[in-house]
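# can't give you the sequence, but here's the structure:
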């Protein structure tokens, strides 16, 4: 049976795996729990940096892109702190200019890898006679294929790094812990280990939605743009097309955000399975089965994120609050 079934629905909790730890968010706060070099667990509660406090930016189809940016900002902060604490560093927070620079570099890297490079490779396919020009559908089929290959290749490539493999284990621990919490029962390492390491609300699934929506959007909207805007210069045409794709990033992220939320809320069935399965399969690459010690860290993060007054029971090992 469920724990305290008369309670209102449990608060929506999300998380992120970090270096030797887990970050769990509950509303306007997040808890960062890390396994330190001496084997103990330290945890700290912090306010969630938010861009969506205004009612306007909380509305569907407007909230997706600012939510993505604030998730990146908080995620970068948590990763920096976890790297320091797991190696017994000072845990000093990134300065504002360092955070902004890191965010800009990360976004430029993502844009270059998943927007510019696939477009350039599709131009090459046109030059060698295996695809059409940018106005044609085949160009965007190649563009989409290259996006998927780069996306999967990037995930597979980083999985060879030992530190990243550890993060993937904590990612699995995060998902198992959230599943156990959402079941309504008492959350313990023993109960959490029985749940799946895959979760429909995962950021990996969100990124897959972004890639799919971008492929469809570019295939439909770029030819429409070039029907009305027809520069003679090939350089201008391709440069303008890439710039147009950059402008589409915000609406694509917003639409993808609504799709993943809707998919996660769907009742189990054939339609839900069809929409969830690709993302869950992809999570097999970004998660790994955790050890008990990693689940213990995830439980501490959840316990602290829920707060002392929560009616939901999370049984943890001893830990240190910072």
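That came through fine. Note that the coordinates shown come from a computational prediction; the quantities given were computed from them, not determined experimentally.
# Could you pull out the strands in this structure for me?
Counting by DSSP state E, the chain has strands at residues 13-18, 21-26, 29-35, 41-47, 320-321.
# Give the full set of residues in contact with the spatially most central residue of the chain.
A centroid search over the chain (Cα atoms, centre = their mean) returns residue 203, at 2.5 Å, as the residue closest to the centre. Taking Cβ atoms under 8 Å, 6 or more residues apart in numbering as the criterion, residue 203 is in contact with 16, 71. (C-beta placed from N, C-alpha, C; glycine too.)
# For residue 68, see how far away it is.
9 Å (Cβ to Cβ, to the nearest Å).
# With mean neighbour count added, can I get the strands of the chain in CSV?
Converted to CSV, those look like this (neighbours: other Cβ atoms under 10 Å):
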stretch, mean neighbour count
strand 13-18, 24
strand 21-26, 27
strand 29-35, 26
strand 41-47, 17
strand 320-321, 11
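# Need these in a markdown table (columns: distance to residue 238 and mean pLDDT).
What follows is the strands of the chain, written out as a markdown table (distance: least, Cβ to Cβ, whole Å; pLDDT from 0 to 100):
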| stretch | distance to residue 238 | mean pLDDT |
| --- | --- | --- |
| strand 13-18 | 36 | 94 |
| strand 21-26 | 40 | 96 |
| strand 29-35 | 42 | 96 |
| strand 41-47 | 44 | 96 |
| strand 320-321 | 55 | 94 |
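# Compare the ones you listed and give me the one nearest residue 254.
Closest to residue 254 of the strands of the chain, according to Cβ to Cβ: strand 13-18, at 17.6 Å.
# Check which helices and strands the closest one sits against.
Contacts defined by 3 or more Cβ pairs under 8 Å, 6 or more residues apart in numbering; DSSP states H and E place strand 13-18 against strand 21-26, helix 64-86, helix 162-182, helix 292-306.
# Just want the angle from it to helix 162-182.
Orientation check (axes from the mean of the first three to the mean of the last three Cα atoms, to 10 degrees): strand 13-18 against helix 162-182 gives 160 degrees.
# neighbouring contacts of strand 13-18?
Contacts for strand 13-18 (Cβ under 8 Å, 6+ apart): 22-26, 32, 34, 75, 78-79, 81-83, 167-168, 170-171, 173-175, 177-178, 181, 201, 203, 298, 301-302, 305-306.
# how about stretch 266-277: buried residues?
272, 275, 276 (16 or more other Cβ atoms under 10 Å).
# Restricted to helices, list the residues you listed.
272, 275, 276 (DSSP state H).
# quick one: which of those residues is nearest residue 257?
Among these, residue 275 lies closest to residue 257 (Cβ to Cβ), at 14.4 Å.
# doesn't residue 264 make contact with that closest one?
No: with contact defined as Cβ atoms under 8 Å, residue 275 does not reach residue 264; the gap is 9.6 Å.
# where in the stretch 1-150 of the chain is pLDDT low?
Across the stretch 1-150 of the chain, the ranges flagged by pLDDT under 70 are 1-10, 89-92.
# Now do the longest helix along the chain and helix 64-86, the angle between them.
Counting by DSSP H, the longest helix found in the chain is helix 203-228. Helix 203-228 and helix 64-86 meet at an angle of 140 degrees, taking the same axes, to 10 degrees as the criterion.
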